[in-house]
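[1] Fold the following.
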Amino acid sequence: MKSAAVVNFSPEAGSVEIREIEKPEIGPEDVLLEVANVGVCGSDLHQWTADHSWPVNYPVVLGHEFGGHIVETGKDVEGWKEGERVVSETAAIISQDNPMTRRGLYNLDPTRKGFGYGVNGAMTRYVRVPSRILHHVPDDLPFDQACLTEPCSVAYNAVVKNADIEPGDRIVVLGPGTIGILCAAMARLCGAQVAIVGLEKDAHRLEIARGYGCEVIIGDAKPWALERDGLGCDGVIDAAGASVTLQIALDIVRPAGWISKVGWGPQPLGFNIDPLVQKNVKLQGSFSHNWPIWERVIALLASGQFDVKPIIGGVWPVTEWHEAFEKMHSGEVVKSVLKPV
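    A predicted model of the protein is given here:
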């Protein structure tokens, strides 16, 4: 049985197309998931435009933000049955013997391979998933929202686990992409006063962030950061895809403040980081997520405390992936969601 899939087939720009692929075979500890919805991530766009900085196993089916129904279970799978509604984490391949995995931080296992670049992802009808990374989805949480558990978990890790927010803190978020907006919304949920910073071309995305109760800044964030007492903001969440924003973060953060860097930026820095030392600032990287974070995020989504509906710009059939990618790439929508056909 073959299904349409969005396949990244080579490292050259534009090397993504629809191909018909066979239904995957599962191993003894896997389930076969029939995909209901799959979110388009910025990393999918980066592989499409060939400006990514991670190794890819070509050809590969894109898509790592997904949920659906279990249609088959491996012979050694326990605790899961056909028909259950689930979402899946991204760590498709890990080493159980790696010290990071043994600590529960398998997201930091250097041998980790994820869906959509290391193994086939979910922009198709069926995907093979290790049962160890499944999570139940409540019946009243629609899949077009549940499939965004993954980027919400990225934001939770950056804001809750890898930052130091107290209610009343003034926090600046750099970059109004999906992760930046979700980080801003999560910081608001933590009780912070939040400003999100972008460019003129980001006006639509910034308005969505405003809906989460954030101050919107186009251009220079320093006046807002200094507004309280002239020392700077308590923390900065750098969610932009450029290295230069770290320089902005160092400039606007207060002494003894913190920076949580979740945005990738492959460019060389080219600026002095002595302010990091002089201000005694904590610089913290934030990558991916793990099992307990997913459970917390699903609870937030299911309860309505964390609402992702405002960022969803539309749902397209996987065969119309190009339009969905283009609308995200141009900034017309924050998040595109695909549906298998």
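[2] what element comes up after whichever strand or helix holds Tyr156 heading to the C-terminus?
    Here Tyr156 is covered by helix 149-156, with elements defined by DSSP states H and E. The C-terminal neighbour of helix 149-156 among helices and strands, as given by DSSP H and E, is strand 170-174.
[3] Wasn't Gly313 part of a strand?
    Yes. The secondary structure assignment for Gly313 places it in a strand, going by DSSP: H, G, I helix; E, B strand; the rest coil.
[4] Surely Leu269 and Ser243 touch.
    Yes. With contact defined as C-beta atoms under 8 Å, Leu269 counts as touching Ser243 (5.4 Å). Quick note: C-beta positions are derived from backbone N, CA and C, even for glycine.
[5] So these two - more neighbours on which side?
    A direct count of neighbours by other C-beta atoms under 10 Å for Leu269 and Ser243 places Ser243 higher, at 18 against 11.
[6] can you pull the contacts of the spatially closest residue to the more buried one that is not a sequence neighbour?
    The spatially closest residue to Ser243, leaving aside those adjacent along the chain, is Gly265, at 3.7 Å (C-beta to C-beta, 6 or more residues apart in numbering). Under the criterion of C-beta atoms under 8 Å, 6 or more residues apart in numbering, the neighbours of Gly265 are 240-246.
[7] Gly265 and Asp51, how far apart?
    Between Gly265 and Asp51 the distance, using C-beta to C-beta, to the nearest Å, works out to 11 Å.
[8] same check, this time on Val318
    Distance check for Val318 against Asp51: by C-beta to C-beta, it reads 23 Å.
[9] Between the two, point out the one with more neighbours.
    Applying other C-beta under 10 Å to Val318 and Asp51 shows that Val318 carries more neighbours, namely 24 against 11.
[10] What strand or helix carries Ala187?
    Secondary structure from DSSP H and E places Ala187 in helix 178-189.
[11] same check, this time on Ser53
    Assessed by DSSP H and E, Ser53 sits outside every helix and strand.
[12] Can you tell me, leaving aside adjacent residues, what's nearest to it?
    Pro266 (4.3 Å).
[13] Surely the one you found and Trp54 touch.
    No. Checked against C-beta under 8 Å, the pair Pro266 and Trp54 is beyond contact range at 9.8 Å.
[14] Got the domain ranges for this structure?
    Per automatic domain parsing, the structural domains of the chain span 2-148+308-339, 155-285.
[15] Kindly reformat those as CSV containing mean pLDDT and distance to Arg296.
    Listed next are the domains of the chain as CSV, based on pLDDT from 0 to 100; distance: least, C-beta to C-beta, whole Å:
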stretch, mean pLDDT, distance to Arg296
domain 2-148+308-339, 97, 11
domain 155-285, 96, 6
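[16] Export those to a markdown table and append columns for distance to Ala302.
    Conversion of these to a markdown table gives the following (distance: least, C-beta to C-beta, whole Å):
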| stretch | distance to Ala302 |
| --- | --- |
| domain 2-148+308-339 | 5 |
| domain 155-285 | 14 |
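[17] who wins for proximity to Val297 among the ones you listed?
    Ranking these by distance to Val297, with C-beta to C-beta as the measure, places domain 155-285 first at 5.4 Å.
[18] hmm, who's touching stretch 253-260?
    Contacts with stretch 253-260, where a contact means C-beta under 8 Å, 6+ apart, come from 158-159, 162-164, 225, 231-238, 246, 249-250, 279-284, 286.
[19] just the buried members of those?
    158-159, 162-163, 225, 232-238, 246, 249-250, 279, 281-284, 286 (16 or more other C-beta atoms under 10 Å).
[20] how about the helices in the stretch 51-200 of the chain?
    Here the stretch 51-200 of the chain has its helices, by DSSP state H, counting those that start in this stretch, at 99-102, 143-146, 149-156, 178-189.
[21] and of those, who's closest to Glu22?
    Once C-beta to C-beta is applied to these, the stretch that comes out nearest is helix 143-146, at 23.8 Å.
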